[in-house]
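1. Below are the sequence and a predicted model for it; my questions follow.
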Amino acid sequence: MQVLIVLKVLGLLLSVFSLTMLVPGFVSLYHDDGSAQSFFVAFVVTLAIGLATFLPLRKQQSPIKLTDGYVIVVMFWTVLGVFGAIPLYLDEQLNLSIAQSVFESMSGFTTTGATVIVGLDTLPQAILLYRQLVQWLGGMGIIVLAVAILPLLGVGGMQLFKAETPGPQKEKIAPRVAETAKLLWYIYLGLTVACMLAYWAAGMTLFDAIGHSFSTVAIGGFSTHDASIGYFQSNVIEMIAVVFMFISGVNFALHYLALRSMSLRSYIDNAEFKTYVGVMFFLTLITVSYLYLTQTAGFETSFFHGVFQVVSIATTTGFTTAEYHFWPGFLPVLLLFASFVGGCEGSTGGGMKVIRVLLLLKQGARELVRMVHPHAVLPVKVGRKSIPPRVIDAVWGFFAAYVILLGLMLLVLMATGLDQETAFSAVVACLNNLGPGLGDVASNYSSLNGLQLGILCFAMLLGRLEIFTLLVLFTPHFWRK
């Protein structure tokens, strides 16, 4: 590992990130809400440390290796959560502990959407805007954005891009990674603007429209109100959210290909997208039917609440319009399990990703056939493409690591005193970057202590970096020269 190059890039990225604190700082000055000092102090501290790290090393020139990329990504997301917590900790109106501040910041940047803050409706707009902004930045990944500018500074970005997107399937939409990053951000920005305009036209204030468009497209789930999207009591707003959550859960490479060809063929021919649609339809059918048949609500309410909660939780956004944890029967657990699937690879969604679940099912089906025909050659195919055995092995390895880590963190949380329902749902919600859980964390995580919040921060990082990017740093092979 090239320590000086890693520090140089981290210092540069931290310096760039510090600028985002100026936006809520100036908003606070405009409204004179008392939060400006927290943001400007955090800006100065973050920028000073970033520049102190970057400037002495600015002349260091060396290509970033794969190992460097993994270290940069993991360290930056960790450092990002810590430095992003500074304005939250300093603000006396929030009165958060260090652990709570880091948890809130990490939840925002990993687009988890879990919160320890109660009383959002009474908070200054500057703080609310900052929470939404960090989710928007985390949605596509600040590292991917940095990939587009690092080549201009003499630092190649390919290894960063590989470390940030370690999934089993990638659509290469441009010959250079910098161009790919720019194209993805153009689409991301376009969706954000379209979502904001739709919310505004549907009756949200401009501030709420901007804030919720940030967290909707990022599949984050932070809201400017304690009641989340349910605050607006509008079926139109709910359906706008459903549309953009669904779109944001799709591989962004498919959006690019569809725009370039002005055709829906890229979606129609994609096996992962078809599975994604099928899962959403199946879950919606079950949820709406069960709500109506159990007389929990009338058909109209069952339909709108069912559709919204399914799309929000299955894409791991985490918005709510109803207290789904009080729904009858198996529905709360079913929806929580839906977050295991999550969004498509290359989307802003969390979870294991649809393509991995699809490959696990196909591999399982192949093994059943092999029991009857042990000598048959049966390749695993997605669409018309045969999947290499190396990819199948990687998916099974990911699944094994996922289950083991989930079990370990569940046991540790229960050992700290949490009941089984709360501990299980909290780990699942944070590992899948979902946000709301069940039990004591159904509404917020303010009842958890520092140790419990720290464990869940680790879970959020694992989920955001898709486990292997973080775990590889703990292997002895990684550190051998």
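-> Happy to help now that I have it.
2. Now the nearest residue to Thr294 once chain neighbours are set aside, what are its backbone angles?
-> What sits nearest to Thr294 in space, not counting adjacent residues and going by CB to CB, 6 or more residues apart in numbering, is Pro328, at 5.0 Å. The C-beta positions use only the backbone N, C-alpha and C, and glycine is treated the same way. Comment: the main-chain dihedrals of Pro328 come out as phi -70, psi 160, following degrees, to the nearest 10.
3. Tell me the confidence at Pro328?
-> Looking at Pro328, its pLDDT is 92.
4. Hmm, Thr296 and it touching each other?
-> Yes - contact between Pro328 and Thr296 holds when scored by CB atoms under 8 Å: they sit 5.9 Å apart.
5. Comparing the two, which residue is more hemmed in?
-> Comparing Pro328 with Thr296 by neighbour count (other CB atoms under 10 Å), the higher total belongs to Thr296, at 18 against 12.
6. any common contacting residues for Pro328 and Thr296?
-> Jointly contacting Pro328 and Thr296 under the rule CB atoms under 8 Å, 6 or more residues apart in numbering are Tyr290.
7. next one: the host helix or strand of Glu300 to chain centre, how far?
-> Assigning secondary structure by DSSP states H and E places Glu300 in helix 299-314. In terms of CA atoms, centre = their mean, to the nearest Å, the centre of helix 299-314 is set 21 Å apart from its chain centre.
8. Identify all contacting residues around it.
-> When contacts are taken as CB under 8 Å, 6+ apart, the neighbours of helix 299-314 outside the stretch itself are 221, 229, 235, 238-239, 241-242, 245-246, 249, 279-280, 283-284, 287-288, 291-292, 296-297, 317-322, 324, 335-336, 338-339, 341-342, 434, 436.
9. and if we set it to 6 Å?
-> Identification of contacts with helix 299-314 by CB atoms under 6 Å, 6 or more residues apart in numbering yields 235, 238, 242, 245-246, 283-284, 287-288, 291-292, 319, 321-322, 324, 335, 338-339.
10. buried stuff in it?
-> By neighbour count on 16 or more other CB atoms under 10 Å, the buried set for helix 299-314 is 301-314.
11. Show me the two of those that sit farthest apart.
-> Between all members of those, the longest pairwise span (CB to CB) is found for Thr301 and Ala314 and amounts to 19.7 Å.
12. pLDDT on stretch 468-478, on average?
-> 85.
13. which intervals of the stretch 351-481 of the chain have sub-threshold pLDDT?
-> Across the stretch 351-481 of the chain, residues meeting the criterion (pLDDT under 70) sit at 481.
14. Relative to Glu367, how far out is the residue of the chain most remote from its centre?
-> With distances taken as CA atoms, centre = their mean, the residue sitting farthest from the centre of the chain turns out to be His375, at 42.3 Å. If you measure His375 against Glu367 using CB to CB, to the nearest Å, the figure is 14 Å.
15. Same question for Gly34.
-> When CB to CB is the yardstick, Gly34 and Glu367 sit 62 Å from each other.
16. Leaving out sequence neighbours, find the closest residue to Leu453.
-> Computed as CB to CB, 6+ apart, the closest residue to Leu453 that is not its neighbour in sequence is Phe103, at 4.3 Å.
17. How about the contacts made by that neighbour?
-> For Phe103, the contact set (CB under 6 Å, 6+ apart) comprises Val116, Leu453, Cys457.
18. Got phi/psi on the spatially most central residue of the chain?
-> Centroid check for the chain by CA atoms, centre = their mean gives Thr111 as the closest residue, at 3.7 Å. Backbone dihedrals for Thr111, given as degrees, to the nearest 10, come out at phi 60, psi 40.
19. For it, give me its contacts.
-> Contacts for Thr111 were tallied using CB under 6 Å, 6+ apart; they are Gln135, Gly138, Gly139, Ala218, Ile219, Gly220, Asn433.
20. Let's see which of those residues end up in helices.
-> Among the contacts of Thr111, DSSP state H puts Gln135, Gly138, Gly139 in helices.
21. Just the closest of the contacts of Thr111 to Phe39, please.
-> Ranking these by separation from Phe39, with CB to CB as the measure, puts Gln135 on top at 16.8 Å.
22. now the strands for the stretch 251-400 of the chain?
-> Taking DSSP state E, counting those that start in this stretch as the criterion, the stretch 251-400 of the chain carries its strands at 381-382, 385-386.
23. Nearest to Thr192, out of those strands?
-> Within the strands of the stretch 251-400 of the chain, the stretch nearest Thr192 is strand 381-382; the backing value is 30.1 Å (CB to CB).
24. Which strands or helices does that closest one pack on?
-> Contacting strand 381-382 under the criterion 3 or more CB pairs under 6 Å, 6 or more residues apart in numbering; DSSP states H and E is no other helix or strand.
25. how far does it sit from the chain's center?
-> Shown here is strand 381-382, whose average C-alpha point lies 27 Å from the average C-alpha point of the whole chain (CA atoms, centre = their mean).
26. what do you get for stretch 416-425?
-> Taking the mean of its C-alpha atoms, stretch 416-425 sits 23 Å from the chain's own mean (CA atoms, centre = their mean).
27. Give the buried residues for that stretch.
-> Residues of stretch 416-425 classed as buried by neighbour count (16+ other CB under 10 Å): Leu418, Glu421, Thr422, Ala423, Phe424, Ser425.
28. And the third one, which helix or strand is it part of?
-> Here Thr422 is covered by helix 420-431, with elements defined by DSSP H and E.
29. thinking again about what came up before, just the buried residues of the ones in helices among the contacts of Thr111.
-> For these, burial is judged from neighbour counts taken by 16+ other CB under 10 Å, and it is met by Gln135, Gly138, Gly139.
30. Quick check, pLDDT for the residue lying closest to the last one once chain neighbours are set aside.
-> Of all residues not flanking Gly139 in the chain, Ala218 sits nearest, at 2.8 Å (CB to CB, 6+ apart). At Ala218, the pLDDT value in this model is 94.
31. repeat for Phe83
-> If you check Phe83, the pLDDT there is 96.
32. doesn't Leu47 make contact with it?
-> No - with contacts defined as CB atoms under 6 Å, Phe83 does not count as touching Leu47, sitting 10.1 Å away.
33. Helix or strand next in line after the helix or strand harbouring Gly50, which one?
-> Secondary structure from DSSP H and E places Gly50 in helix 36-54. As assigned by DSSP H and E, the chain's next helix or strand after helix 36-54 is helix 66-83.
34. Work out the gap between that following helix and the centre of the chain.
-> Distance of helix 66-83 from the chain centroid (CA atoms, centre = their mean) equals 16 Å.
35. got it, and stretch 206-217?
-> Counting by CA atoms, centre = their mean, stretch 206-217 is centred 16 Å from the centre of its parent chain.
36. What residues sit buried inside the biggest helix by length in the chain?
-> With residue count as the measure and DSSP H as the assignment, the chain has helix 389-415 as its longest helix. Counting neighbours by 16+ other CB under 10 Å, one finds that the buried residues in helix 389-415 are 391-392, 394-395, 398-399, 402, 405-406, 409-410, 412-413.
37. end to end, how far does stretch 198-209 reach?
-> Stretch 198-209 has an end-to-end distance of 8 Å (CA to CA, to the nearest Å).
38. Now for the nearest residue to Val41 once chain neighbours are set aside, how many residues are close by?
-> Leaving aside its chain neighbours, Val41 sits nearest to Leu90 (6.0 Å; criterion: CB to CB, 6+ apart). Counted with other CB under 10 Å, the burial measure for Leu90 works out to 18 neighbours.
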